[in-house]
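> Please find the sequence and the predicted model below.
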Amino acid sequence: MLTKQPMASPDLTTADTPARKHSLTQGSIRASLVRMTIPMCLGMLMMFTFSLVDTFFVSLLGTAELTAISFTFPVTFTITSLAIGLGIGASAVVAKYLGRDDLERAKESSTVINYVALLFAAALIALCWFFMGPLFRAMGADDALLTLIGDYMAVWFPGSVLLVGLMTANSILRAHGDSKTPSMIMAGSGLINAVLDPLLIFGYGPVPAMGIQGAAFATLAAWVVGYGYLFYHLALRHQFISLQMPSRKILFSSAREMLRIGLPAAGANMMTPLAMGTMTAIAAGFGTSVVAAFGVGARLEPMATLVVLAMSSTLPPLISQNYGASRLDRISEAYAMSLRFVLLWQGAVYALLALIAPWIAGLFSTDAEVLATIRLFLWILPAGYGLQGVIILSNSSLNAMHRPLSALMLSVVRFFGLYVPFAWIGSRLMAVEGFFIGAVCANAVTAVISWITVKRVLAQERANCSAA
């Protein structure tokens with residue numbers, strides 16, 4: 001019979017004893033960031049392999065199938081962004097109660113958050129399902145592509161409720177101090193998807209070839225296994241969540257807390273796929289080969305910026321801790337150190353991508369026009385990934401300093417005030433090359449605005465501390 005396990009204490013890897021709080025050196029800040037970022041990189045790596053592995057095997061079916069799955073990326077990433085945002089809210093709420101040693105309220109909040117996230121995701125996914133045809137037509141898909149897109153999304157949409165459950169449950173486990181289980185589950189899910197993809201797409205023996213829909217079924221199988229195992233850990237092994245819903249008062253208060261933090265974070269994350277949808281529509285004006293190439297590049301981007309994305313999850317706890325302690329000098333140092341690192345790191349990544357661009361392009365297509373556009377993408381857009389890192393880490397820092405609306409506004413300005421307009425203007429002036437160059441220029445302008453915004457917030461906080 002299963003026995004109730006004691007709740008783990010939070011994994012406060014950045015926490016310092018009172019004696020050390022005023023003696024944290026630059027080396028300690030660097031060590032804390034490295035210690036938290038490396039495991040996060042491994043977990044995110046496995047998460048991002050889902051779409052990349054799908055893209056690789058679907059590309060073997062032909063350009064039409066590759067183009068179809070490229071059209072789905074903005075929509076699938078929107079749901080993923082919702083999952084990430086709700087996960088941020090879940091972790092913040094649960095960790096707060098654990099930090100107060102209120103284990104019962106932490107369990108109640110974990111229960112509410114788990115079920116509310118699933119219901120919220122189901123509502124959004126149902127809305128997307130209802131408007132699936134008009135949505136993809138607005139992005140530039142023709143009737144032939146809509147058939148392929150429909151085959152894929154008919155499976156992916158219902159299964160994506162489990163994706164939101166996975167992300168939220170992972171965040172709850174990490175808040176309880178268990179960072180090993182989420183990493184193992186993401187790795188195992190990625191492996192299941194990679195093994196099933198070729199089997200279900202191309203068929204073997206008694207398994208029929210399902211084409212593009214096989215990729216969706218492979219992903220669904222991985223999510224079912226992953227969420228089933230996670231739910232076992234949350235509900236049965238550790239009893240972090242209850243199988244029964246708490247009282248109405250607890251239900252509304254916990255849901256409100258999670259959504260207050262999670263929705264702005266999800267909104268900021270959703271700016272990316274919304275902009276990507278618009279960018280895909282612009283790319284469609286150059287033909288399906290450019291859409292296919294752009295879709296490949298969009299799936300490579302998270303892998304190329306993996307360290308930045310990991311740091312965007314590990315920098316906020318360090319900043320939040322020091323924000324609570326009014327140690328603005330340490331916030332400024334951690335922020336500056338992170339920016340220096342990502343600019344240097346992404347510069348090296350760009351050099352590597354530019355060097356191996358022909359080889360990468362050859363992995364995804366044999367079509368001459370698609371190959372040429374993928375190479376062009378890799379020679380231009382990754383030049384702005386370091387600047388993109390400045391934007392992402394600035395947004396994370398603003399959220400950590402309790403400025404979520406500032407972070408959200410920066411995201412809106414970046415994508416719809418600069419990124420899409422600059423790319424559109426570039427495409428009018430220099431065709432596909434201008435399309436990519438415009439996006440890089442927009443990242444450069446937004447990076448400067450983001451840096452100035454964080455510096456201004458820190459100056460305001462210093463003034464508030466002096467006045468107090």
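Now that the structure is in, tell me what you want to look at.
> Give me the below-cutoff pLDDT ranges for the stretch 1-150 of the chain.
Residues of the stretch 1-150 of the chain meeting the criterion pLDDT under 70: 1-27, 32, 35-40, 42-44, 46-50, 88-89, 91-93, 95-100.
> any chance you could map the helices in it?
Taking DSSP state H, counting those that start in this stretch, the helices of the stretch 1-150 of the chain run over residues 26-59, 63-99, 103-130, 132-138, 143-175.
> now the longest one, how far from the chain's geometric center?
Counting by Cα atoms, centre = their mean, to the nearest Å, helix 63-99 is centred 6 Å from the centre of its parent chain.
> got it, and stretch 331-343?
Per Cα atoms, centre = their mean, the displacement of stretch 331-343 from the mean C-alpha position of its chain is 21 Å.
> CA atoms only for it, dumped as CSV, please.
Taking Å, rounded to 0.1, in the frame of the first residue of the first chain, the C-alpha atoms of stretch 331-343 are listed here in CSV:
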residue,chain,number,x,y,z
ILE,A,331,20.2,42.7,-9.0
SER,A,332,22.2,45.1,-11.2
GLU,A,333,25.2,42.9,-11.2
ALA,A,334,23.3,39.7,-12.0
TYR,A,335,21.5,41.4,-14.8
ALA,A,336,24.6,42.9,-16.3
MET,A,337,26.5,39.6,-16.0
SER,A,338,23.7,37.7,-17.7
LEU,A,339,23.6,40.2,-20.6
ARG,A,340,27.4,40.0,-21.2
PHE,A,341,27.3,36.3,-21.2
VAL,A,342,24.3,35.9,-23.6
LEU,A,343,25.8,38.4,-26.1
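> Mind listing residues that contact it?
The contact list for stretch 331-343 (Cβ atoms under 8 Å, 6 or more residues apart in numbering) reads 26, 29-30, 33, 307-308, 311, 315, 318-319, 322-323, 386-387, 389-390, 393-394, 397, 401, 451, 454, 458. C-betas here are computed from N, CA, C, even on glycine.
> so where's the stretch 301-450 of the chain shaky on pLDDT?
For the stretch 301-450 of the chain, the stretches flagged by pLDDT under 70 are 313, 317, 320-321, 324-325.
> Tell me where it has helices.
306-324, 328-364, 368-380, 385-400, 404-412, 420-467.
> Show the end-to-end separation of stretch 124-139, please.
End-to-end distance for stretch 124-139: 19 Å, by Cα to Cα, to the nearest Å.
> show me the residues around the residue lying closest to residue 358 once chain neighbours are set aside that make contact.
Ranked by Cβ to Cβ, 6 or more residues apart in numbering and with sequence neighbours excluded, the top spatial neighbour of residue 358 is residue 375, at 5.9 Å. Shown in contact with residue 375 (Cβ under 8 Å, 6+ apart): 357-358, 361.
> From residue 356, how far off is residue 375?
For residue 375, the distance to residue 356 equals 10 Å [Cβ to Cβ, to the nearest Å].
> Any chance of a PyMOL selection covering the buried ones in the contacts of stretch 331-343?
The PyMOL selection below is limited to those of the contacts of stretch 331-343 classed as buried (16 or more other Cβ atoms under 10 Å):
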select buried, resi 29+33+307+308+311+315+318+319+322+323+386+387+389+390+393+394+397+401+451+454+458
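> Just the buried positions in the helix or strand hosting residue 256, please.
Residue 256 belongs to helix 248-284 when assigned by DSSP states H and E. Of all the residues in helix 248-284, those buried under the rule 16+ other Cβ under 10 Å are 251, 253-255, 257-259, 261-284.
> now swap in stretch 183-198 and tell me
Judged by neighbour count (16+ other Cβ under 10 Å), stretch 183-198 contains these buried residues: 183, 185-187, 189-190, 192-194, 196-198.
> Mind checking which of the residues you listed land in strands?
Of the buried residues of stretch 183-198, none are assigned to strands by DSSP state E.
> Name the member of the residues you listed with the shortest distance to residue 116.
residue 185 (21.2 Å; Cβ to Cβ).
> Can you give me the domain assignment for the chain?
44-270, 305-468 (automatic domain parsing).
> Please tabulate those domains in a markdown table, including the columns distance to residue 295.
Formatted as a markdown table, the domains of the chain follow (distance: least, Cβ to Cβ, whole Å):
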| stretch | distance to residue 295 |
| --- | --- |
| domain 44-270 | 2 |
| domain 305-468 | 9 |
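> Which of the ones you listed sits closest to residue 291?
Nearest of these (Cβ to Cβ): domain 44-270, 5.2 Å.
> now the closest one, how far from the centre of its chain.
11 Å.
> Same check on stretch 410-430?
21 Å.
> Using CSV, write down the CA coordinates of it.
Extracted C-alpha coordinates of stretch 410-430, given in CSV (Å, rounded to 0.1, in the frame of the first residue of the first chain):
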residue,chain,number,x,y,z
LEU,A,410,7.7,45.5,-24.0
SER,A,411,6.6,42.3,-25.7
VAL,A,412,3.7,44.1,-27.5
VAL,A,413,6.0,46.9,-28.7
ARG,A,414,8.7,44.5,-29.8
PHE,A,415,6.5,42.3,-31.9
PHE,A,416,3.8,44.5,-33.3
GLY,A,417,5.5,47.9,-33.1
LEU,A,418,8.9,46.9,-34.5
TYR,A,419,9.4,43.2,-35.4
VAL,A,420,6.5,42.7,-37.8
PRO,A,421,6.6,46.2,-39.3
PHE,A,422,10.4,46.1,-39.9
ALA,A,423,10.2,42.7,-41.5
TRP,A,424,7.3,43.8,-43.7
ILE,A,425,9.1,46.9,-44.8
GLY,A,426,12.3,44.9,-45.4
SER,A,427,10.4,42.4,-47.5
ARG,A,428,9.0,45.3,-49.7
LEU,A,429,12.5,46.7,-50.2
MET,A,430,14.7,43.6,-50.5
